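Visitor: Sequence and predicted structure below; questions after.
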Amino acid sequence: MKTINPNNLNQKDNYKLLSASVVPRPIAFVTTLNDDNSLNGAPFSFFTVLTAKPPLIMLSILRKDGGVMKDTARNILRNKEYVVHLTTMDNIEKINLTAALLDVNVSEVDLAKLTKVKSELIKTPGVKEAKIRFEVTLDKHIELGDEDEITADLLIGRVKLYHLHSDIYQNSYINFENLRPIGRLAGNQFLTKDGFNEIIRPK
């Protein structure tokens, strides 16, 4: 058994070890409104459910070098709302394109040719290609990091409305055969019911 003290690892190596050990993880595709009202979209796998009463979900967004906040986190803090979509085999190729590094206010949603769909309770649109999406409002924001640097933004969101495609929501249950969920592993690897797959993230 190999024993490793995380204090002896740098941030990159801790990330690699944690993200490859806590698997598989669902991938949240999150849309937010930029300050010019263009639609930002980005995938995140540090994502999970917190509680059902109230319906809270958690999203942790790592900051860029130097503690710079990512566009998604900044947009959520400004607008107090966002849309979370579940990434599946049906949309993984397009969602993967949104991981490209683009300039501020350039829409990843437009780049990936995803179809915008109006939300009912919030201003931020979602995308039609996801079979599950949540309209979410910000409940709590917690800065994470060491004393010398903030390294992540923990965002706790309250689900205000569920949108579930009719072919996956049947008799009050999710039909996983039709949903075709995937789980993030590490690097370019993800997991489906058929085994391991790999998809190269764009530069």
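Guide: Done, it's in. Residues are numbered from 1 along each chain as shown.
Visitor: Now the element after the longest helix seen in the chain, going C-ward?
Guide: In terms of residue count, the longest helix belonging to the chain (DSSP state H) is helix 11-21. Once helix 11-21 ends, the next helix or strand along the chain (criterion: DSSP states H and E) is strand 28-33.
Visitor: Pairing partners for that following strand, with directions?
Guide: Applying DSSP bridges to the sheet, strand 28-33 is found paired with strand 39-44 (antiparallel), strand 81-86 (antiparallel).
Visitor: CA atoms of the last one as PDB?
Guide: The reference is to strand 81-86. Extracted C-alpha coordinates of strand 81-86, given in PDB (Å, rounded to 0.1, in the frame of the first residue of the first chain):
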ATOM      1  CA  GLU A  81     -28.600  32.100 -11.300                       C
ATOM      2  CA  TYR A  82     -27.500  29.400 -13.800                       C
ATOM      3  CA  VAL A  83     -28.700  26.300 -15.600                       C
ATOM      4  CA  VAL A  84     -27.100  22.900 -15.000                       C
ATOM      5  CA  HIS A  85     -27.400  20.200 -17.600                       C
ATOM      6  CA  LEU A  86     -26.500  16.500 -17.400                       C
END
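Visitor: So which residues make contact with it?
Guide: Residues from elsewhere that reach strand 81-86 (Cβ atoms under 8 Å, 6 or more residues apart in numbering): 26-32, 47, 57, 59, 72, 75-76, 91, 119, 122-127, 130-138, 157, 179, 181. (Each C-beta comes from the backbone N, C-alpha and C, glycine too.)
Visitor: which of the residues you listed are buried?
Guide: By neighbour count, with 16 or more other Cβ atoms under 10 Å, these hold 26-32, 47, 57, 59, 72, 75-76, 91, 119, 122, 124-127, 130-138, 157, 179, 181 as buried.
Visitor: follow-up on the earlier one: switch the strands paired with strand 28-33 over to a markdown table; also include mean neighbour count.
Guide: Compiled in a markdown table, the strands paired with strand 28-33 are given as follows (neighbours: other Cβ atoms under 10 Å):
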| stretch | mean neighbour count |
| --- | --- |
| strand 39-44 | 23 |
| strand 81-86 | 24 |
